[in-house]
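Peer 1: Turn this into a structure:
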Amino acid sequence: MTTTERIGVWNQLVGQEPAVETLSAAASAAAKIIAGEPAPPGAMTHAWLLTGPPGSGRSVAARTFAAALQCSTGTGCDACPGCHTTMAGTHADVRLVVPEGLSISVAEMRALVQAAARRPTTGNWQVVIIEDADRLTEGASNALLKAVEEPPDRTVFLLCAPSDHPEDVSVTIRSRCRLVTLRTPPPEAIADVLMRRDNVDAERAHWAASVCGGHVGRARRLATDEAA
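Peer 2: Here you go, the predicted model:
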């Protein structure tokens with residue numbers, strides 16, 4: 001799927017074609033499961049680990065995938081309430097965990113796991129996004145591991161971390177997740193999205209893309225904020 005072919009929420013992912021292919025295929029399989037139809041074996045699973053360098057868009061990928069799972073008309077149309085509320089962070093069945101300090105505590109994780117065990121109220125799935133899974137304490141990792149090992153039918157865990165190295169994610173949790181590796185977006189892809197989504201002229205878009213170090217958010221600020 002090329003940049004120009006992407007539709008709906010998948011346009012949020014810049015220069016991540018391999019990841020989009022994997023996640024969109026999983027979303028299609030998930031839609032078949034919800035519809036009671038046979039799905040390709042292994043395409044959809046209950047636990048995912050999204051890794052990549054700073055600026056690659058780990059949390060964006062997680063939220064985009066969550067929107068595709070909650071889409072009521074397809075697999076990420078970006079027009080239905082499921083897509084809109086997920087991308088806005090207000091969907092009742094999508095829980096986002098962002099550490100307020102240096103770590104995610106065991107109490108916080110136990111409460112989250114308990115809430116995630118309930119059936120979805122308005123969406124297709126209960127989705128838990130853990131933005132900085134590398135900040136899980138040992139106790140929190142153990143609490144999460146129990147949930148990942150015996151997941152409820154309609155619950156999906158999306159973990160984001162810099163890498164799948166044991167220093168970032170425990171080996172036991174990693175072994176139960178499907179790995180999706182994001183890359184540093186190439187300058188051409190960043191320039192393309194600045195021109196297409198933010199209406200930045202070509203010269204400025206290519207300049208911002210060349211000096212942003214592969215960080216899409218930084219490129220957007222450089223291209224649209226005169227003070228920056």
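Peer 1: Surely residue 202 and residue 194 touch.
Peer 2: No: between residue 202 and residue 194 there is no contact under CB atoms under 8 Å: 9.2 Å. Every residue, glycine included, has its C-beta placed from N, CA and C.
Peer 1: Give me the number of neighbouring residues for residue 226.
Peer 2: Other residues within reach of residue 226, judged by other CB atoms under 10 Å, total 5.
Peer 1: which one of residue 202 and residue 194 has more residues nearby?
Peer 2: The residue with more neighbours, out of residue 202 and residue 194, is residue 194; 27 against 11, by other CB under 10 Å.
Peer 1: Dihedrals phi and psi, that one?
Peer 2: Here is the backbone geometry of residue 194 (degrees, to the nearest 10): phi -60, psi -40.
Peer 1: again with residue 111
Peer 2: According to degrees, to the nearest 10, residue 111 has phi -60, psi -40.
Peer 1: With residue 222 as the reference, measure out to it.
Peer 2: 40 Å (CB to CB, to the nearest Å).
Peer 1: The two: who's more crowded?
Peer 2: residue 222 (20 against 12).
Peer 1: Do I have it right that that one meets residue 208?
Peer 2: Yes: look at residue 222 against residue 208 with CB under 8 Å: they come within range, at 4.3 Å.
Peer 1: how about residue 163, what does it touch?
Peer 2: 51, 169 (CB atoms under 8 Å, 6 or more residues apart in numbering).
Peer 1: quick check: domain ranges of the protein?
Peer 2: 13-181, 187-224 (the TED database).
Peer 1: Let me have those domains in CSV, adding distance to residue 7 and mean pLDDT as columns.
Peer 2: Rendered in CSV, the data for the domains of the chain read as follows (distance: least, CB to CB, whole Å; pLDDT from 0 to 100):
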stretch, distance to residue 7, mean pLDDT
domain 13-181, 8, 92
domain 187-224, 13, 88
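Peer 1: Distance from the lengthiest helix in the chain to the middle of the chain?
Peer 2: If you go by DSSP state H, the chain has its longest helix at helix 17-35. Centroid separation for helix 17-35 versus its chain: 13 Å, with CA atoms, centre = their mean, to the nearest Å.
Peer 1: how close does residue 7 sit to residue 207?
Peer 2: 28 Å.
Peer 1: the more surrounded of these two?
Peer 2: residue 207 (18 against 12).
Peer 1: so what's the more buried one up against?
Peer 2: 222, 223.
Peer 1: Strand partners (parallel or antiparallel) of the top strand by length along the chain?
Peer 2: Secondary structure of the chain read by DSSP state E shows that its longest strand is strand 155-161. Strand 155-161 has its sheet partners listed here by DSSP bridges as strand 47-51 (parallel), strand 126-130 (parallel).
Peer 1: Just send these back as TSV, with distance to residue 143 and mean neighbour count too.
Peer 2: Below are these laid out as TSV (distance: least, CB to CB, whole Å; neighbours: other CB atoms under 10 Å):
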stretch	distance to residue 143	mean neighbour count
strand 47-51	14	23
strand 126-130	12	26
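Peer 1: Between these, which one is closest to residue 74.
Peer 2: strand 126-130 (16.9 Å; CB to CB).
Peer 1: what's in contact with the closest one?
Peer 2: Here strand 126-130 has contacts from 59, 62-63, 66, 69-70, 86, 91, 93-97, 104, 112, 116-120, 136, 144, 152, 154-160, using CB under 8 Å, 6+ apart.
Peer 1: contacts for the longest strand of the chain?
Peer 2: So strand 155-161 is contacted by 46-51, 58-59, 61-62, 65-66, 69, 116-117, 125-134, 144, 147-148, 151, 168-169, 173, 177 (CB under 8 Å, 6+ apart).
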